[in-house]
Structure formats: structure tokens, C-alpha cells
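Asks: Kindly return the folded structure for what I paste below:
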Amino acid sequence: MNARLWKIGTRRAMAYVEGRENRDLLLTAAGKPLEPIKRGASLEAELQNAVAVYTDRKGKPFAWLIAFDAGRWDEVSAVACPSG
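Replies: Numbering: from 1, shown residues only. Got it, this is the predicted structure:
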């Protein structure tokens, strides 16, 4: 998975993740509710549970920045960085 994680203090953490499937896995590990997003949905719909959405030149989302509770660090890092 192409993801980066970092902690912000002792209570908050952030994750940058590329790919819709990876976003869904990370949101689930972070304990965030996951609702299906239809292809071609508005960027507002793509922002569900995300701080930012990154798009390509055609406007298609390819990466998300997600804030989560640092208490879930182990669960999220196990999904984002399975090899270590």
C-alpha cells in the first residue's frame, strides 16, 4: 500500500493514502464509518472522512489525507505498513 502516517501530538494522527481500495481499508482500520461512493461522485462526496482529496489533471481522485485518533495507530499502521 502506498501510504504515509504521522502523529500530531498524542491524540491525533494523519494518513496519506493512494488508491480508493487502500483508502477504504485505512478508513476501516481507523474506525471511521465507510459509505460507498459511486464513480463520478462529486469531490464533496469524496471528502467523506477525509481532510483533503488529491485529484489528477482530469479531476479524478487518486489520494486522500485522513485524520484519525492516535489511539488506533497500531491498527492503522498494520494496514498501511503490513511489512513493518
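Asks: check contacts around Y16.
Replies: Counting by C-beta atoms under 8 Å, 6 or more residues apart in numbering, Y16 makes contact with 3-4, 63-66. All C-beta spots, glycine's among them, are computed from the backbone N, C-alpha and C.
Asks: can we see that at 10 Å?
Replies: Contacts here follow C-beta atoms under 10 Å, 6 or more residues apart in numbering; on that basis Y16 touches 2-6, 26, 51-52, 54, 63-66, 80.
Asks: Cross those residues against strands and list the overlap.
Replies: Here DSSP state E is the test, and those give 3-6, 52, 54, 63-66 as lying in strands.
Asks: Could I get these in a markdown table, plus columns for neighbour count and distance to K38?
Replies: Converted to a markdown table, the ones in strands among the contacts of Y16 look like this (neighbours: other C-beta atoms under 10 Å; distance: C-beta to C-beta, whole Å):
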| residue | neighbour count | distance to K38 |
| --- | --- | --- |
| A3 | 21 | 24 |
| R4 | 12 | 27 |
| L5 | 18 | 28 |
| W6 | 9 | 31 |
| A52 | 13 | 20 |
| Y54 | 13 | 19 |
| A63 | 19 | 19 |
| W64 | 26 | 16 |
| L65 | 14 | 22 |
| I66 | 21 | 20 |
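Asks: quick one: least confident of the residues you listed?
Replies: Of all those, A3 has the smallest pLDDT value, namely 89.
Asks: I figured it hits G19, correct?
Replies: Yes: A3 is in contact with G19 according to C-beta atoms under 10 Å; the separation is 9.0 Å.
Asks: can you list residues touching both of the two?
Replies: Residues touching both A3 and G19 (C-beta under 10 Å, 6+ apart): 25-26, 63-64.
Asks: closest to P36 among those?
Replies: For those, the minimum distance to P36 (C-beta to C-beta) is 14.2 Å, reached by L25.
Asks: Let me see the confidence value for the closest one.
Replies: With respect to pLDDT, L25 has a value of 92.
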